[in-house]
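A.B. asks: sharing a model that was predicted from the sequence below.
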Amino acid sequence: MMDWLAGLGVAGVMIAHPWLYIATSAAHILGLGLLIGAILPLDLRLTGLLRRADLSVLFPFLTRAAMAGFALAAVTGTALFLVNPVEYAANPALQVKAALILLATANAAALHLTARAAGWQVAAPVPPLARASAALSIALWLSTLLAGRWIGFV
């Protein structure tokens, strides 16, 4: 499978156009900044650490910003992975990062589905399960960020 991905030619395009690799890497960092920059204040508010922030205003905006950041990071991260999929797939740091991304995404989806099913409104007090999910989200996304930095050192 990785050999097939390597044959897609992404590496050749990135090598032939170094500015494309640089732009893709920069866009990946932008996506991560947008994702973490939106998730962290939202999760801090859900945990109760930012009590004064109006959740009814923050929640829709920061949720959309986080999703946009996630989409940008996913697309650019995939492009960066395709530069050398055989080597990256064997990298333990990337394996940890991928697992953390899956866990963090599942946590976010579970929070939204549970909140919607329970009929929770953002103007209402934050339920204990949502507080716990937000604390887990902080830990997972920051760990993902650290795992991403670890990739180049393994």
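C.D. replies: Noted; the coordinates are in hand. Numbering: from 1, shown residues only.
A.B. asks: mind listing what the residue nearest the centre of the chain touches?
C.D. replies: Centroid-nearest residue in the chain: residue 70, 4.9 Å away (criterion: Cα atoms, centre = their mean). Residue 70 is in contact with 31, 35, 105, counting by Cβ atoms under 8 Å, 6 or more residues apart in numbering. Any C-beta I mention is one placed from the backbone N, CA and C, and that applies to glycine too.
A.B. asks: again with residue 4
C.D. replies: With Cβ under 8 Å, 6+ apart, residue 4 has no contacts at all.
A.B. asks: where does the protein have low pLDDT?
C.D. replies: Across the chain, the ranges flagged by pLDDT under 70 are 2, 5-6, 117-118, 123.
A.B. asks: rerun at 50
C.D. replies: By pLDDT under 50, the chain has no low-scoring segment.
A.B. asks: what's the longest helix in it?
C.D. replies: The helix that spans the most residues within the chain, counting by DSSP state H, is helix 18-47.
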